[in-house]
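Engineer: sequence plus the predicted model coming up.
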Amino acid sequence: MSASSATVEQGILAAGVGKFQYRLFVIFGLVWMADAMQVLSIGFSAPSIATTFGIGMPQALQTGTFFFIGMLVGAFVFGRLADRIGRRPVLMAAVVIDACCGVASAFAPEFTWLLALRFLTGIGVGGTLPVDYTMMAEFLPSDRRGRWLVWLESFWAVGTILLAILALFAASWGDDAWRVIFFVTGVPALVGVVLRLYIPESPMYLNRSGQPEAARKVLERVAAANGRSGPIPPLLPEAAGRHPLSALFSPQLRRRSIALFIAWGLISIAYYGVFVYLPVKLGAQGFGFMRGQEFLILLALVQLPGFALSAYGVERWGRKPTLVGFLVLSAIGCMGYSVGSSMPVVVGATLLMSFALLGTWGALYAFTPEVYPTDLRASGMGTAGAVARFGGLFAPAIVAPVMATHFTLALAMLAAFLLAGAVAILCVDAETRNRVLE
């Protein structure tokens, strides 16, 4: 590093990795854990919602539909705003909406109010996704970024385990079980609101926005927290850029954007097909335990070594090879159900799917923010998140009818989606292992 000037990446290296990044990791992970609980609570809360308001299960499940629509809107809008007005203010706005509306959902007096609050909660949850991963990536050096981002995704498994335990506890509250679930799942986000007050703006965003001195001060704060005593030299200013959203499809980025968004959509449809509609089908065939809280805990525990292998792979083999490997393994696990209907086969295939698909998501969340320049990074993540929500919304129409009538065909279709996702990843014109962020 020059004694007189440095790039932001050199400044991050000088500031080191230590207490500051660990603190950031826990703060973001806490809210990501809460978001997992919010997303997965839909199935556990619907029966008591139906009883409380005297409605049918299909209508009660509309809370999930409104929540997913809100996530779609939040991911797209907040991702774009984070590139226009800064990571930190958007980060705070998203988590405040997430926490306040999530907790308020527990006190909804009417079903219409509940739908509105779940929609708003979804906006907050969707908005945290692109900003959290963008900011985490921008505070890490290139040689550690991949594994840290994968491990951040592993908080999803922690949230899954806690939700399963919470659902067992909430069942004793009878018709008010959904109120307990929504209240408790909102509390970690409330804690996250307070903790995020101490998170500074991204130095990469500041420097790209024409504020190199402010960026340097942030890096000095990081260095002080990490126990680094050396000064951070003045940063080389970078050209400020405010690109329209259409720049995601500029000649330089078009191929990677299209390929990545296709992969996000296909993986999302396969994920919901495997973990929502497949258990319903198998439950009707005598495997009802697959929809229970105890089995959900087992699935989440299996996800942790999947995240560990993914974190190792993205740094050792690269982002694309790791993603393709996990997607092929997921497709094999999906077709494993067609081998037979015995208990060992069904349980083994389900555990393999949980291991492989969540490893896939970990690598995908690490890879996506790295392929975009700073002034489009959150927009790219937000658009990818919105595409994933489209996948979740379309999954009922695509997967459910086939799953109900042609089981083996449905398995082949889901496996084909996963393999097509692997092909899409291969078409991305970038490998970001050990690559400095632009």
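Structural biologist: Ah, there it is.

Engineer: run the chain-centre distance for the helix ranked longest in the chain.
Structural biologist: Longest helix in the chain, counting residues (DSSP state H): helix 19-53. Centroid separation for helix 19-53 versus its chain: 11 Å, with CA atoms, centre = their mean, to the nearest Å.

Engineer: show me what it packs onto, helices and strands only.
Structural biologist: Under the contact criterion of 3 or more CB pairs under 8 Å, 6 or more residues apart in numbering; DSSP states H and E, helix 19-53 touches helix 57-60, helix 62-85, helix 87-105, helix 111-138, helix 145-153, helix 155-170, helix 177-195, helix 212-225. Heads up, the C-betas are built off the backbone N, CA and C, glycines and all.

Engineer: could I get these as a markdown table with mean pLDDT and mean neighbour count?
Structural biologist: Output for the helices and strands packed on helix 19-53, formatted as a markdown table (pLDDT from 0 to 100; neighbours: other CB atoms under 10 Å):
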| stretch | mean pLDDT | mean neighbour count |
| --- | --- | --- |
| helix 57-60 | 87 | 14 |
| helix 62-85 | 92 | 23 |
| helix 87-105 | 93 | 23 |
| helix 111-138 | 93 | 25 |
| helix 145-153 | 93 | 25 |
| helix 155-170 | 89 | 21 |
| helix 177-195 | 90 | 21 |
| helix 212-225 | 93 | 19 |
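
Engineer: please parse this protein into its domains.
Structural biologist: Taking automatic domain parsing as the reference, the chain has its domains at 8-223, 245-427.

Engineer: so which of the ones you listed gets nearest Ile232?
Structural biologist: Of all the domains of the chain, domain 8-223 sits nearest to Ile232, with 4.6 Å by CB to CB.

Engineer: for Gly192, give its distance to Ala75.
Structural biologist: 18 Å (CB to CB, to the nearest Å).

Engineer: for Pro212, give me its contacts.
Structural biologist: If you count contacts by CB atoms under 8 Å, 6 or more residues apart in numbering, Pro212 has them with 206, 234-237.

Engineer: nearest to Ser229, out of the domains of the chain?
Structural biologist: Of the domains of the chain, nearest to Ser229 by CB to CB is domain 8-223, at 7.8 Å.

Engineer: nearest to Pro244, of the helices and strands packed on helix 19-53?
Structural biologist: helix 62-85 (9.8 Å).

Engineer: okay, the angle between the closest one and helix 177-195?
Structural biologist: 10 degrees (axes from the mean of the first three to the mean of the last three CA atoms, to 10 degrees).

Engineer: which residue packs closest to the residue nearest the centre of the chain, ignoring adjacent ones?
Structural biologist: Central residue of the chain (CA atoms, centre = their mean): Leu129, 5.6 Å from the mean position. Nearest non-adjacent residue to Leu129, counting by CB to CB, 6 or more residues apart in numbering: Gly385, 4.7 Å away.

Engineer: phi first, then psi, for that neighbour.
Structural biologist: Gly385 adopts backbone torsions of phi -60, psi -40, taken as degrees, to the nearest 10.

Engineer: do you know the pLDDT at it?
Structural biologist: At Gly385, the predicted lDDT confidence score is 91.

Engineer: ok, back up a step: give me the buried positions along the longest helix of the chain.
Structural biologist: Buried residues in helix 19-53, counting neighbours by 16 or more other CB atoms under 10 Å, are found at 20-21, 24-25, 27-50, 52-53.

Engineer: list the helices and strands the host helix or strand of Val302 packs on?
Structural biologist: Per DSSP states H and E, Val302 falls inside helix 293-316. Counting contacts by 3+ CB pairs under 8 Å, 6+ apart, helix 293-316 is packed against helix 145-153, helix 155-170, helix 319-336, helix 343-367.

Engineer: apply 6 Å and report the result again.
Structural biologist: helix 145-153, helix 155-170, helix 343-367 (3 or more CB pairs under 6 Å, 6 or more residues apart in numbering; DSSP states H and E).

Engineer: and those: which comes nearest Val8?
Structural biologist: Of all those, it is helix 145-153 that lies closest to Val8, at 13.2 Å by CB to CB.

Engineer: in TSV: the helices and strands packed on helix 19-53, plus distance to Leu419.
Structural biologist: TSV is the format used below for these (distance: least, CB to CB, whole Å):
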stretch	distance to Leu419
helix 57-60	33
helix 62-85	25
helix 87-105	34
helix 111-138	26
helix 145-153	22
helix 155-170	24
helix 177-195	34
helix 212-225	42
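
Engineer: for those, which one sits closest to Val274?
Structural biologist: That would be helix 155-170 among those, by CB to CB, at 14.3 Å.

Engineer: that closest one packs against which elements?
Structural biologist: Using 3+ CB pairs under 6 Å, 6+ apart, helix 155-170 is in contact with helix 19-53, helix 177-195, helix 293-316.

Engineer: could I get these in CSV, plus columns for distance to Gly86?
Structural biologist: Rendered in CSV, the data for these read as follows (distance: least, CB to CB, whole Å):
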stretch, distance to Gly86
helix 19-53, 16
helix 177-195, 17
helix 293-316, 28
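
Engineer: for Phe417, give its distance to Val328.
Structural biologist: Taken as CB to CB, the span from Phe417 to Val328 is 13 Å.

Engineer: which of those two has more neighbours?
Structural biologist: Phe417 (24 against 17; other CB atoms under 10 Å).
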